[in-house]
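A.B. asks: attaching a predicted model along with its sequence, questions to come.
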Amino acid sequence: EDQVTQSPEALRLQEGESSSLNCSYTVSGLRGLFWYRQDPGKGPEFLFTLYSAGEEKEKERLKATLTKKESFLHITAPKPEDSATYLCAVQAWDNAGNMLTFGGGTRLMVKP
Amino acid sequence: DSGVTQTPKHLITATGQRVTLRCSPRSGDLSVYWYQQSLDQGLQFLIQYYNGEERAKGNILERFSAQQFPDLHSELNLSSLELGDSALYFCASSSGTSVLDEQYFGPGTRLTVT
């Protein structure tokens, strides 16, 4: 069974204080790892897809990296508008469809 | 705006009742997914349809069913509702034509069962 664990559950940062969010996964064969951002009461917003170990992707202040066991979402000099819950999900080769298995999320709060 | 629409936005109903949630995928997307998000369970995959056919099933209860129509919109039917069914229900869509598809989520339907 695919498993995704995110840590920490919650993270408070001061504006400009860089940090990283962790996503550990167990999957029989990784097809892809996805990062989403979710604001309260809204649907998850797609951020990145990573396919293989060593891959990195960047978008504004966010950078996602992938190893064989985990992914990190690095946030550089965050701003209050980066406050949200960040979700990690995996897609495995051994499932017939394209279902995503999500982690519990990291709730990020950035204070001005 | 992801391009995925869901109606209604909010739904309040009583235990034992039946409701239907509706989803319209992004233009051109063939796959529709349904997810349930509750405080204690997180975001859980329920079911996927691809071009009208059921493609994958997750932890969907027997009281729940879904279908995808020829115009590709989808409906999730929840029956014999229980208090524990209160949650946010999200629909997502993807093109479904490549091995790895990004899924784009709708704004969700918040279901409250009283």
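C.D. replies: Ah, there it is. Numbers count the residues shown, from 1 in each chain, chains lettered A, B, ... in the order given.
A.B. asks: list the contacts for residue 102?
C.D. replies: In the absence of a named chain, this looks at chain A. Going by C-beta atoms under 8 Å, 6 or more residues apart in numbering or on different chains, A:Phe102 touches A:Val4, A:Leu87, A:Cys88, A:Ala89, B:Gly42, B:Leu43, B:Gln44. C-beta here means a position set from N, CA and C on the backbone, and glycine is covered the same way.
A.B. asks: that's the wrong chain, I meant chain B
C.D. replies: A:Phe34, A:Phe46, A:Thr49, B:Ser94.
A.B. asks: secondary structure element for it, which one?
C.D. replies: According to DSSP states H and E, B:Glu102 maps onto no helix or strand at all.
A.B. asks: quick one on the thing from earlier: buried ones among the contacts of A:Phe102?
C.D. replies: A:Val4, A:Leu87, A:Cys88, A:Ala89, B:Gly42, B:Leu43, B:Gln44 (16 or more other C-beta atoms under 10 Å in any protein chain shown).
A.B. asks: from the residues you listed, pick the one nearest A:Thr67.
C.D. replies: Proximity of the buried ones among the contacts of A:Phe102 to A:Thr67 (C-beta to C-beta) peaks at A:Cys88, which lies at 13.1 Å.
A.B. asks: ok so, going back, would you reformat the contacts of B:Glu102 as a markdown table and include secondary structure, pLDDT and neighbour count?
C.D. replies: Below are those laid out as a markdown table (DSSP: H, G, I helix; E, B strand; the rest coil; pLDDT from 0 to 100; neighbours: other C-beta atoms under 10 Å in any protein chain shown):
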| residue | secondary structure | pLDDT | neighbour count |
| --- | --- | --- | --- |
| A:Phe34 | strand | 95 | 23 |
| A:Phe46 | strand | 93 | 17 |
| A:Thr49 | strand | 94 | 20 |
| B:Ser94 | strand | 92 | 22 |
